[in-house]
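build me a structure from this.
(one chain, ligands or ions: 2)
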Amino acid sequence: MEKDILILAIESSCDETAAAVVKNGRTVLSNVISSQIALHTLYGGEAKVTLEDIDAIGVTYGPGLVGALLVGVAEAKAISYAAKKPLVGVHHIEGHVSANFIEHPDLEPPFLCLIVSGGHTHLVIVKDYGKYEIIGRTHDDAAGEAFDKVARAIGLGYPGGPKVDKLAKEGKKDAIAFPRANIADAPYDFSFSGVKSAVLNHLNYCEMKKEEINKADIAASFQEAVVDALVTKTLAAAKAYKLEKVALAGGVASNSALREAMGRACEKKELKLYYPSPILCTDNAAMIGAAAYYEYLNGTRHGLDLNAIPNLKIGQR
Ligand code: KG4
Ligand code: ZN
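Numbers count the residues shown, from 1 in each chain. Ligands and ions are numbered 1, 2, ... in the order given. Sure thing, here's the model as predicted:
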């Protein structure tokens with residue numbers, strides 16, 4: 001039997017620093033937010049492994065806010081240096097994609113992945129581990145950003161996605177006809193600024209006419225417009241590129257309406273659909289451990305001069 005490969009992964013692209021220990025890219029031994037627990041107890045206690053047992057340190061080095069990224073990168077470099085373990089920098093979005101490997105042992109490339117987070121909306125073909133072809137992207141707001149902005153407009157607070165998701169269950173998704181944008185000559189590209197503006201216009205109109213604002217109907221109808229665009233374009237891409245497996249990734253991948261609608265559409269076309277548990281959809285370090293494992297196998301190694309790259313591109317090394 002081959003030796004297990006253990007990755008200690010660190011992710012700090014957003015508000016908090018998270019750490020995880022992942023075995024062979026697929027098995028999570030521990031997954032915590034480091035404000036909850038001191039890092040030394042993570043690999044000492046939680047994961048029942050010592051730093052000695054770790055094969056490499058994986059860390060998110062972009063894209064994201066430079067100040068936040070630097071926290072994780074500096075920590076990873078310090079551990080890499082002190083423990084003499086190789087350092088493997090990981091792209092945050094490639095981490096989101098790799099979250100799918102953790103709970104789906106049968107999932108292997110090639111597959112189509114719809115990445116929908118607070119900062120990104122991409123359709124990519126995962127050709128192999130660490131090899132991506134971007135075939136679609138948003139021209140304006142990311143899907144999660146649209147959820148957050150609409151949530152704020154109807155007074156739900158941040159992060160808006162989960163709140164819209166919950167409120168939408170009490171509303172009618174066909175109450176208001178919000179637009180689905182199609183972009184000429186770019187069948188797999190997205191645009192969400194139109195639907196967001198339509199929600200704001202609807203609110204203004206109701207106020208002007210002194211009509212009652214039904215927040216649940218707005219949430220349900222807005223969500224339906226976003227989900228419809230995501231499902232239609234993903235299915236069209238799967239057909240055009242003859243891919244039989246579809247995966248969802250990023251915070252919005254935990255949206256219940258998206259999971260249901262994509263599930264129904266994939267079943268109809270006999271495509272296999274994968275998505276991570278909600279806890280692995282939003283930012284976490286386990287997904288970075290999964291991505292770092294495949295990078296490690298591909299031979300990616302970074303030096304102690306590794307820097308945070310706020311606008312790191314997918315596939316850039
Ligand atoms: O992937 P993520 O944790 O962070 C980024 O890398 O951006 O995604 C966060 C985004 C937020 O915009 C949040 O509102 C959205 O994911 N989100 C959701 C749901 N849960 C999180 N959007 C819709 N429905 C949800 N259930
Ligand atoms: Zn993220």
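
and the closest residue to ligand 2 within the stretch 1-150 of the chain, how close does it get to ligand 1?
When you check the stretch 1-150 of the chain against ligand 2 by Cβ to the ion, the closest residue turns out to be Ser117, at 4.5 Å. Where you see a C-beta, it was placed from the backbone N, CA and C, and this is true even at glycine. Distance of Ser117 to ligand 1, given as Cβ to the nearest ligand atom, to the nearest Å: 3 Å.

for that residue, which non-adjacent residue is spatially closest?
With Cβ to Cβ, 6 or more residues apart in numbering as the measure, Gly250 is the residue that lies nearest to Ser117, at 3.3 Å, once sequence neighbours are left out.

same question for Lys215.
With Cβ to Cβ, 6+ apart as the criterion, Lys215 has its nearest non-adjacent residue at 4.8 Å, and that residue is Ile154.

what about that neighbour, distance to ligand 1?
In this structure, Ile154 and ligand 1 are separated by 14 Å, where distance is defined by Cβ to the nearest ligand atom.

would you mind measuring from that residue to Val164?
As judged by Cβ to Cβ, to the nearest Å, Ile154 and Val164 stand 8 Å apart.

and for Val21?
As defined by Cβ to Cβ, Val21 lies at a distance of 34 Å from Val164.

just to revisit the earlier point, what values do phi and psi take at the residue of the stretch 1-150 of the chain closest to ligand 2?
In terms of degrees, to the nearest 10, the main-chain angles of Ser117 are phi -130, psi -170.

OK, contacts around the residue of the stretch 201-317 of the chain found nearest ligand 2?
With Cβ to the ion, the shortest gap between the stretch 201-317 of the chain and ligand 2 falls at Asp283, namely 4.3 Å. Asp283 sits next to 11, 13-14, 18, 92, 251 when contact means Cβ atoms under 8 Å, 6 or more residues apart in numbering.

ok so, going back, neighbour-wise, which of Ile154 and Val164 wins?
For Ile154 and Val164, the more surrounded residue by other Cβ atoms under 10 Å is Val164, and the numbers stand at 27 against 20.

contacts only, for that one.
147, 150-151, 156, 219, 222-223.

if we use 6 Å, what do you get?
Contact criterion Cβ atoms under 6 Å, 6 or more residues apart in numbering gives 147, 151, 219, 223 as the residues in contact with Val164.

what comes up buried for the strand or helix carrying it?
Per DSSP states H and E, Val164 falls inside helix 160-168. Across helix 160-168, burial judged by 16 or more other Cβ atoms under 10 Å covers 160-165, 167-168.

centre of the chain to it, how far?
For helix 160-168, the separation from the chain centroid amounts to 17 Å (computed by Cα atoms, centre = their mean, to the nearest Å).

could you check whether it is close to ligand 2?
No: no part of helix 160-168 sits close enough to ligand 2 to count as contact by Cβ under 5 Å from the ion; the gap is at least 11.9 Å.

what's the mean pLDDT across that helix?
For helix 160-168, the mean per-residue pLDDT is 97.

again with stretch 238-249
Mean pLDDT, taken over the full extent of stretch 238-249, equals 98.

buried stuff in stretch 192-200?
The neighbour-count criterion (16+ other Cβ under 10 Å) identifies 192, 194-196, 198-199 as the buried residues of stretch 192-200.

of those residues, just say which sits nearest to ligand 1.
Proximity of the buried residues of stretch 192-200 to ligand 1, judged by Cβ to the nearest ligand atom, is greatest for Phe192, which lies at 11.3 Å.

which residues does the closest one contact?
When contacts are counted by Cβ under 6 Å, 6+ apart, Phe192 is found next to 141, 146.

could I get the pLDDT score of it?
Phe192 is assigned a pLDDT of 97 by the prediction.

how near is it to ligand 2?
17 Å (Cβ to the ion, to the nearest Å).

how near is that residue to Ala146?
Phe192 sits 4 Å away from Ala146, taking Cβ to Cβ as the criterion.

now do the shared contacts for the two.
Residues touching both Phe192 and Ala146 (Cβ under 6 Å, 6+ apart): there are none.

ok, back up a step: between the buried residues of helix 160-168, which sits nearest Ser256?
Each of the buried residues of helix 160-168 was scored against Ser256 by Cβ to Cβ, and Asp165 proved nearest at 5.6 Å.

ok, which residues in the stretch 151-300 of the chain are in contact with ligand 1?
Along the stretch 151-300 of the chain, the residues adjacent to ligand 1 under the rule Cβ under 6 Å from any ligand atom are 159-162, 165, 250-252, 254-255, 282-283.
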